[in-house]
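>>> I'll drop the sequence and a predicted model, then ask my questions.
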Amino acid sequence: MAAPTNTFATTAAIGNREDLTDIIYRISPTQTPVLNMASKSKATSTLHEWQTQDLAAAANNEQIEGDDLTATAATVTVRLTNRTQISAKKIVVSGTQQSMNPAGRKDELAYQLSLKSFEIKRDMEVGLTQNDVLVTGATRRSRGLRGWLVDNVNRNGGTLASYTGNTGYTAGTQRAFTESQVKDVLQQVFSAGGEPDMIMLPPAAKQTFSGFTGNATRMDKSEDAKLYSSVDFYVSDFGTLQCVPNRFMATREAFVLQSDKLAVAYLRPFQTIELAKTGDAEQREILAEWTLECRAPKAHGAIYDIL
């Protein structure tokens, strides 16, 4: 088959409009489970401090009738600290581009600011989960969950971080992720006084977790013939926990968390700063200054060194 002679085809045409949809498809993930789950708190200095209180150990308490008791020793509070961290992005859009009519967005500057705000939140999620020590100096760093979750753990060697001595974490030897490890940490957390309500897992560990045979709740909708094989809630001996996957945490650890004992304290909340013009361009900076406030480290736990 051949086209008739002198057929005017698109290959020769000049001026055909391009076929460009007015939608921009974004695949990069934007869910930030720790940042979304934690309460919001207020920091008033770059060194953020709070206190925790333990009760005296429980014991059999029996007294002589009419006795003049000796004063019981007071249990002092523990003062914990973390440093605020500045997370920021700068956007520069030329005056010409700002005057164009781009597909998928009406305002290039506003669009870029939106993208950078998502990126900062992703960066914060990495810090909230993976940072192990606080850093002072010109570039401050907030201690993340890895640096706080050291009291109720199941691990296979390595060295735990220390939130009192501000020493870092080193990994141990990886081993298979098992339900017995989760139960061990849950028991430790409960014995320490915690009431965890969330298990946070990296993607591969979430799939492994969904294969555990314990008391787990799977969604089964018979009316639409769909079986959801993932575990959404885990019913333990010490309460029901929501199972949440997190793309930004390290792949070799799982966290057992009590959500009301975590907060992100902001010295400066998310804000957009208009920068001075230095040429034919619009400049903006978007930033947040924040730190992780682990209100009760013993309320949480972790399984380290998992495959």
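Now that the structure is in, tell me what you want to look at.
>>> run a quick neighbour tally on the nearest residue to residue 148 once chain neighbours are set aside.
Distance criterion C-beta to C-beta, 6 or more residues apart in numbering; nearest residue to residue 148, sequence neighbours excluded, is residue 294 at 4.0 Å. For glycine as for every other residue, the C-beta is placed from the backbone atoms N, C-alpha and C. By the measure other C-beta atoms under 10 Å, the count of residues near residue 294 is 25.
>>> now the residue nearest in space to the middle of the chain. Its backbone dihedrals?
Closest to where the C-alpha atoms of the chain average out (C-alpha atoms, centre = their mean) is residue 34, at 3.1 Å. Backbone torsions of residue 34, given as degrees, to the nearest 10, read phi -70, psi -50.
>>> my read: it touches residue 146, true?
No - at 11.5 Å, residue 34 does not count as touching residue 146 under the criterion of C-beta atoms under 8 Å.
>>> okay, and the common contacts of the two?
residue 129 (C-beta atoms under 8 Å, 6 or more residues apart in numbering).
>>> tell me which strands the helix or strand hosting residue 50 pairs with, and in which orientation.
According to DSSP states H and E, residue 50 maps onto strand 47-52. Taking DSSP bridges as the criterion, strand 47-52 forms sheet pairs with strand 78-83 (antiparallel).
>>> average pLDDT for the strand it pairs with?
Mean per-residue pLDDT for strand 78-83: 96.
>>> distance between it and the chain's centre?
20 Å (C-alpha atoms, centre = their mean, to the nearest Å).
>>> past the lengthiest helix in the chain, which element shows up next along the chain?
In terms of residue count, the longest helix belonging to the chain (DSSP state H) is helix 108-130. Per DSSP H and E, the first helix or strand lying C-terminal to helix 108-130 is helix 145-148.
>>> isn't residue 285 right up against residue 273?
Yes - if you go by C-beta under 8 Å, residue 285 and residue 273 touch, sitting 4.5 Å apart.
>>> give me the more crowded residue out of those two.
Per other C-beta under 10 Å, whichever of residue 285 and residue 273 has more neighbours is residue 285, with 16 against 11.
>>> what sits against that one?
By C-beta under 8 Å, 6+ apart, the contact set of residue 285 is 88, 89, 90, 91, 272, 273, 275.
>>> coming back round to it: is it true that the residue nearest to residue 148 touches residue 145?
Yes - using C-beta under 8 Å, residue 294 makes contact with residue 145 at a distance of 7.5 Å.
>>> identify the contacts common to those two.
Joint contacts of residue 294 and residue 145 (C-beta under 8 Å, 6+ apart) are residue 300.
>>> circling back: most neighbours among the contacts of residue 285, please name it.
Neighbour counts for these (other C-beta under 10 Å) peak at residue 91, which has 20 neighbours.
>>> can I take it that it is in a strand?
Yes - the assignment for residue 91 is a strand, going by DSSP: H, G, I helix; E, B strand; the rest coil.
>>> picking that back up, now the residue nearest to the centre of the chain: how far from residue 290?
Applying C-beta to C-beta, to the nearest Å, the value for residue 34 to residue 290 is 12 Å.
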